[in-house]
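**Q** Sharing a model prediction with you, sequence too.
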Amino acid sequence: MRDDPWLTEEQQLVWRAFLRMSGQLNDTIERDLQQTGGMPHAYYLILAMLSESPTRSLRMNQLAEAVRSSQSRVSHAVARLEASGWVRRIPAPGDRRGQVAELTESGYQRLLELAPGHAEVVRSTMFDPLTPQQLENFRDICATILAAMADRGITSEYPPAPPC
């Protein structure tokens, strides 16, 4: 560890570029999903995480962890998705207080409608500008940072990280 508590000039430039890039990427995705799908990215993520579960359902606390949000925010979002008929809440088996969010067939169909456009926005914005070597390097950088975070106990249990 260095004695200097500040970022180097190069680190500061990279950090600011990362913040600008991730902010603009998130703004682009958010704007697109609002325009094309009438929903925020957070709602799309809930539908996607539920669709990836073998039962198309997750306990509310697992869902909150999967989308990296608080349980209260996820509960509010699920209520909105319920009103649209895309998700339903059911009691958790063996737990009178727990609830499970379940993707409805209508919700799954809505996700299938939105997914190609969402993938195109992500691809064209984030991946198309990169060469194959840059993409490989970026994957390696992300995996390295995530592994270092896990070593420091900064990790999320769900969903499991895909193999790199």
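**A** Arrived safely. Residues are numbered from 1 along each chain as shown.
**Q** Do you have the strands of this structure handy? List them.
**A** For the chain, applying DSSP state E gives strands covering 57-59, 87-92, 95-103.
**Q** partner strands of the second one, parallel or antiparallel?
**A** Counting by DSSP bridges, the strands paired with strand 87-92 are strand 95-103 (antiparallel).
**Q** Show residues contacting the partner strand.
**A** Identification of contacts with strand 95-103 by CB atoms under 8 Å, 6 or more residues apart in numbering yields 46-47, 50-51, 55-61, 63, 74, 78, 86-93, 111. Every C-beta, even on glycine, is put in place using the N, C-alpha and C of the backbone.
**Q** out of the residues you listed, which are buried?
**A** 46-47, 50, 56-58, 60, 63, 74, 78, 86-89, 111 (16 or more other CB atoms under 10 Å).
**Q** Identify the farthest-apart pair in those.
**A** 60 and 111 (18.8 Å; CB to CB).
**Q** isn't residue 75 right next to residue 60, touching?
**A** Yes - Residue 75 is within contact range of residue 60, at 6.5 Å (criterion: CB atoms under 8 Å).
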